[in-house]
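**Q** I would like the atomic coordinates for the input below:
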Amino acid sequence: MHPQMIGFPAAGEASIVLRQPQDTDFDVLADIRRDAAIQDMLMAIPDATDDAAVKSWIERRRNDGAFRIVADATTREALGFVQISQIHRRNRHGYGGLALLNSARGHGRGHAAVALLTRLACEELMLAKLLLEVRKDNLVALKVYHAAGFRVVGTLEDHFRDRDGNAHDVLLLERLLTEARP
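**A** Below you'll find the model as predicted:
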């Protein structure tokens, strides 16, 4: 396997890899960035989503921590992304997140992407802890993260206001990655 690629060895549709972003990933990343429902769950409200704004967002993601494309293991087609930002090198922790296209969900890819996200944090970035902020009403994401060993360590009340102005509680989750080492 390519040294810049981390793979998930599961069979079937859950077989995915993480790879560096390529110019050909623009349409998938733009679809995710322009999807209001996905952005609300990611707790992001982009000021603009035209091509220039999306390209600027991709460049910022590439330069802040670790940003990888979730891709089909066979075709290498982009299905979404994972990211780790706000990396604190001395204390060895960072904040993770992921987003998948709607069409890529429901096939075990979310679970596989979280497993690869924790491997990226542990093996490549040498982090000891990965943190997540997840909307309390994002039940699908919470189920996936809990299954991957993350635990809720706090609640940030009325922490995120969506594009309609509705306030949402946000859960802070953590996972110690020393437990994730093979």
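**Q** now the strands for this protein?
**A** With strands called from DSSP state E, the chain shows them at 6-7, 16-19, 66-72, 78-88, 93-100, 129-135, 151-161, 167-176.
**Q** out of those strands, nearest to residue 41?
**A** strand 129-135 (6.1 Å; CB to CB). Bear in mind the C-beta positions are built from the backbone N, C-alpha and C, glycine included.
**Q** In the sheet, which strands lie alongside the closest one, parallel or antiparallel?
**A** Here strand 129-135 has these sheet partners by DSSP bridges: strand 93-100 (parallel), strand 167-176 (antiparallel).
**Q** Just the C-alpha atoms of that strand, please, in CSV.
**A** Output of strand 129-135 as CSV, limited to C-alpha atoms (Å, rounded to 0.1, in the frame of the first residue of the first chain):
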residue,chain,number,x,y,z
LYS,A,129,-6.0,11.5,22.6
LEU,A,130,-8.6,12.4,20.0
LEU,A,131,-11.4,14.8,20.9
LEU,A,132,-14.7,15.3,19.1
GLU,A,133,-17.5,17.9,19.3
VAL,A,134,-20.8,16.3,18.1
ARG,A,135,-24.3,17.8,18.1
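**Q** rewinding a little: closest to residue 45 out of the strands of the chain?
**A** Closest of those to residue 45 is strand 151-161, at 8.5 Å (criterion: CB to CB).
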